[in-house]
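Participant: model this:
(chains A and B)
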Protein chains: 2
Amino acid sequence: MLARIKALQGKMNEADLDLVLIMDPRDVYYYAGTGQPANLVVPREGDPILQIRRAWDFAVRECYFDQKFLLKGGNFKNLYHKVESLDYPRRHLGVAMDAIPASLVKKVEESFPSCLLFDASPLILSQRSIKDEQELKMIRAAARCYEKAHEVILNELRPGISELSLSANILAAVRGEGADTIIRNRRWDASLAPDGIVASSKTSWQVSGHAMTVTGKGLSAALPWGASGETIEQGDLVVVDLGINYQGYHADVARTYVVGEADQKQQEVFEQVYSLQEAALQSIKSGVLAEDVYWLAYEKAVEMNVIQYFQGHGEMQGDYIGHGLGLEIDEPPILQIDNRTRLSSGMVFAIEPKLIIPGWGAVVLEDDVAVTDTGYTLLSTVPRRLFMVDA
Amino acid sequence: MLARIKALQGKMNEADLDLVLIMDPRDVYYYAGTGQPANLVVPREGDPILQIRRAWDFAVRECYFDQKFLLKGGNFKNLYHKVESLDYPRRHLGVAMDAIPASLVKKVEESFPSCLLFDASPLILSQRSIKDEQELKMIRAAARCYEKAHEVILNELRPGISELSLSANILAAVRGEGADTIIRNRRWDASLAPDGIVASSKTSWQVSGHAMTVTGKGLSAALPWGASGETIEQGDLVVVDLGINYQGYHADVARTYVVGEADQKQQEVFEQVYSLQEAALQSIKSGVLAEDVYWLAYEKAVEMNVIQYFQGHGEMQGDYIGHGLGLEIDEPPILQIDNRTRLSSGMVFAIEPKLIIPGWGAVVLEDDVAVTDTGYTLLSTVPRRLFMVDA
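Facilitator: Numbering: from 1, shown residues only, chains lettered A, B, ... in the order given. Model (predicted):
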C-alpha cells in the first residue's frame, strides 16, 4: 500500500497539490488499509498522517503506518497542527469534493487556514481505476458469489413465486457465501440493494430511479427499484442483476431466465443481446477509447435494427454499455458517449448490454472483465446463456 | 403533504429563508412523496417546484403537485429560471449542507446567482423529528418485522452456527416480510447493513467502526462491523441488533439471547440493562430535555455500580442512550449529553441501553417508542426479556 501512496504523490506533483486530505471511507481503505473511521493526510512527499477517529486498536492493527504518524480523534485543527509540526508544505489542499458534504469541507477550510482547496477526486479515482493482482483476485471472488445466486434461481424460480421471495432467497445465499450486505456507491444519492434487481416481464421494462437499466419497481415509492411483490408467471422472462460486495470489492453480474421454454422472440432477443455484448467485448483492450466500446455495441444495435430498445427506450435510454468496478459498484471510467479516457491494462468493467421492450420485458447480460494489453479476461463465471427453468 | 410544505414555509419565515432547495432523497420523499431522483424548490410562500431528474412517469404519479410546477431534467439553471419566471423572492437559499456534496453545492451557487446560501438541514430535520399518524403506523410496521427475525433466531440459534449464517437467515426472513434492504443514514459516512449486528460473546465486547454500540467485527477490514465468521458456542450471549427499513420508515430493535441456560451473571447483567431501559423510559414525555433521558439512565448505572460498562467501555464508551428514528435509522434528536432539545409528542426514539464487558460479552435491549404528552407508547412488539434457546 505504500506503493499506492507513492503513486498518489506522483499525481499530486503533476497537479501541484501539497496535501490531500482523504476522508471517504473507500479512499481511506484503499490508501491506509483500514475501514475504521479515519482521516488520512498525504503530503506531496514524506510520510502520510493517519488520524483515527474511532476504534483505535482495530485501526492500528489494520494500517501499516509508523505510530509516530498516527493521531487520535477527529479534530481537524489537531490534524493541521501535526502537518505544521512536520513542516509539510501546505498551500494547495485536495479534498474529494464529490463525496464530502459541503458542511465538512467548510470545516476543513476553517481548520487549514493556509490552504486553498481543490478537488482531489479525479486523481484518486483515476488511480483506483487500475487494479493490482490482489484487487483482481477480490473481484473474481465477488463474481464467483453469483454462482450461488444462480443455483438458487435454478432451484426456486417457478410460476407463483414472487420477485420479493426470490430476491430474499438469493440474498441469503450470497450472504451465506460471505458477501457483505452494503453495496457501495461513490455518487452521494445512488443506492443499490444487496439483493440487486429481480424483475419479471411485468416490471422489467419499467425504468425507475437513478440507474438507467432494468431497475424493477421496488415495493413502494420510498425505494422504487428492486424486486416488487409481483408474482412471476409461466413464460415470464426474469432478469436478475446482482451487485456483490465481497470484502470490499464488487462484482456486478446479470443473467436472464425464462420460466419454462423460451419462445422464439425471447430466444431471438437474447441472441441479439449476446451479439451486443460480443461487439463490446471484442473491442476491449488497452489503449481503446472508453466511448468506442459503447459505439461498437451501438452500431451492432443499429445493424440488428433494435436501436430503439438498446439500453432502454424513449427518455429512459442510457448512453453507456458498461462501467468500472472496484471498491464501488459503479466507478469511472464509464463506457459512455463522450468519454475519451483510454482503457488501460488492469481496469475492470461490467459490460451490460440490454434490450428493454415496452410492454414485453427485457433481456440483460452482464459480465465483468479485466482489461489486458491484448484484450480482456473474463472474471465472471456463470455461462453467458439464456437459462430456462422447469415450470 | 401540502401540510408539510406549509409547515416548512412557516419555519423558513422565522429563519428568513426565501427558498429551500431540497435534493436529499429522503427529504424529497418527505415533502414531495416520490423516491425518484428530483430537486424540490420550496418558496417562502406559494407553490413548490419539482424538477424531476429521471423516471418522469413514476414521479408524476407519486407526487401531488400541479403539472405547471413540474420541470423535467436536472439542470439547475432551468430550475433557477423557473424560480425567476414565478417571481419568487430569491436572496436567501437554504440547502442541506450536511447531506449534499461540496461539488454539488458549488454548482447550485453558480446557478442561483442572486442567492446567498445557508444550511437548511436543522429546519428540515426538526420538522421531520415529529411524526404524524401515518408515519407512526409505518414505524410500527417496521418494528413488527423484528418478530420474524426473532422467530428465526429462536429456531436456528444453536451451538455451531456461525454469526454469518444466522445473519443470512435473519435477513431472508425480514426481506420476505417486505423490508427493504438498504438502511438509510443521514450521516454521509455511516452505513449499516440490513442484517444489522449479530455478535456473540467472543465479538460483542469489541467495538469497531463508527457506531458506539455493540458492533461485531464484520468479515474483513473493509467493513469491520456486523456478523463475523465466528462460530457461536454453548453458553454464548448473542446480541442481535436490527435496523429495519419498511417502505421508507425505520425501526431499530435489539434483543440478547443465551445459547442454553443463562448463568447467574448473564441473568444479572440482563436485569441491570432492563433497569437502565426502565429508567430511561420512565423519564420520557413531552417537554423533557433530550439529555435528561440519558442522565437518568446514567444515574441508574452509577447506582448499580456498572458505570464502567455503561454504553461501552474505556475510550469506546458512548454518551447517549437513544436516537430518533424515521426516514433514517439515526435521526435527531439524539438522547445525549448536552442535547437541550425538548421532547415533543410525536417524536420517535430507539432506547438502547447496553452493558459491554471486556472479555465477557454484552447485553443490549433496544425498543422503539413514540413520545406522548404524558409518557410514551411502545412501538416494538417482542417481549423485553433475555431469551434462552435450547442447546
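
Participant: what helices or strands is the longest helix seen in chain A leaning on?
Facilitator: Longest helix in chain A, counting residues (DSSP state H): helix A:133-156. Contacts defined by 3 or more CB pairs under 8 Å, 6 or more residues apart in numbering or on different chains; DSSP states H and E place helix A:133-156 against helix A:163-176, strand A:237-246, strand A:249-259, strand A:348-351, strand A:367-371, strand A:387-389. C-beta here means a position set from N, CA and C on the backbone, and glycine is covered the same way.

Participant: let's go with 6 Å and repeat that
Facilitator: helix A:163-176, strand A:237-246, strand A:249-259 (3 or more CB pairs under 6 Å, 6 or more residues apart in numbering or on different chains; DSSP states H and E).

Participant: gap between it and the chain center?
Facilitator: Remark: helix A:133-156 is offset 15 Å from the chain centroid, using CA atoms, centre = their mean, to the nearest Å.

Participant: residues touching that helix, excluding its own?
Facilitator: Residues outside helix A:133-156 that contact it (CB atoms under 6 Å, 6 or more residues apart in numbering or on different chains): A:169-170, A:173-174, A:177, A:179, A:242, A:244, A:246, A:249-251, A:253, A:348, A:368, A:370, A:379-382, A:389.

Participant: buried set for stretch A:218-229?
Facilitator: For stretch A:218-229, burial by neighbour count (16 or more other CB atoms under 10 Å in any protein chain shown) applies to A:218, A:219, A:220, A:221, A:222, A:223, A:224, A:225, A:226, A:227, A:228.

Participant: Throw the helices and strands packed on helix A:133-156 into TSV and include mean pLDDT, mean neighbour count and distance to residue A:296, thanks.
Facilitator: Compiled in TSV, those are given as follows (pLDDT from 0 to 100; neighbours: other CB atoms under 10 Å in any protein chain shown; distance: least, CB to CB, whole Å):
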stretch	mean pLDDT	mean neighbour count	distance to residue A:296
helix A:163-176	97	25	32
strand A:237-246	98	27	22
strand A:249-259	98	26	20
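
Participant: among those, which comes closest to residue B:196?
Facilitator: When the helices and strands packed on helix A:133-156 are compared by CB to CB, helix A:163-176 sits nearest residue B:196, at 12.1 Å.

Participant: and that closest one, C-alpha only, in CSV?
Facilitator: Provided in CSV are the C-alpha atoms of helix A:163-176 (Å, rounded to 0.1, in the frame of the first residue of the first chain):
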residue,chain,number,x,y,z
GLU,A,163,-40.0,-11.3,-7.2
LEU,A,164,-39.6,-10.5,-3.5
SER,A,165,-39.4,-14.1,-2.3
LEU,A,166,-36.8,-14.9,-5.0
SER,A,167,-34.8,-11.9,-4.0
ALA,A,168,-34.9,-12.9,-0.3
ASN,A,169,-33.6,-16.4,-1.1
ILE,A,170,-30.8,-15.0,-3.4
LEU,A,171,-29.8,-12.6,-0.7
ALA,A,172,-29.5,-15.3,2.0
ALA,A,173,-27.4,-17.5,-0.4
VAL,A,174,-25.0,-14.7,-1.3
ARG,A,175,-24.7,-13.5,2.3
GLY,A,176,-24.0,-17.1,3.4
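
Participant: compute the inter-axis angle for it and strand A:249-259.
Facilitator: 140 degrees (axes from the mean of the first three to the mean of the last three CA atoms, to 10 degrees).

Participant: okay, angle between the longest helix of chain A and strand A:367-371 too, please.
Facilitator: Going by the same axes, to 10 degrees, helix A:133-156 makes 160 degrees with strand A:367-371.

Participant: and helix A:133-156, which residues are buried?
Facilitator: Buried residues in helix A:133-156, counting neighbours by 16+ other CB under 10 Å, are found at A:135-136, A:138-150, A:152-153.

Participant: okay, the angle between that helix and strand A:237-246?
Facilitator: Going by the same axes, to 10 degrees, helix A:133-156 makes 140 degrees with strand A:237-246.

Participant: show the average pLDDT along helix A:133-156.
Facilitator: Throughout helix A:133-156, pLDDT has a mean value of 98.

Participant: what about chain B: which of the buried residues of stretch A:218-229 touch it?
Facilitator: A:219, A:220, A:221, A:222, A:223, A:224 (CB under 6 Å from any CB of the partner chain).

Participant: farthest-apart pair in those, please.
Facilitator: A:219 and A:221 (9.4 Å).

Participant: quick check: residue A:184 touching residue A:330?
Facilitator: No: at 9.2 Å, residue A:184 and residue A:330 do not qualify as touching, with contact defined as CB atoms under 6 Å.

Participant: please say which of the two ends up with more neighbours.
Facilitator: Just comparing residue A:184 and residue A:330: by other CB atoms under 10 Å in any protein chain shown the higher neighbour count belongs to residue A:184, 26 against 21.

Participant: show me what contacts that one?
Facilitator: residue A:328.

Participant: spell out which parts of the stretch 151-300 of chain A neighbour chain B.
Facilitator: Residues of the stretch 151-300 of chain A lying near chain B by CB under 6 Å from any CB: A:168, A:171-172, A:175-176, A:178, A:180-182, A:188-189, A:191, A:193-195, A:208, A:210, A:219-224, A:247-248.
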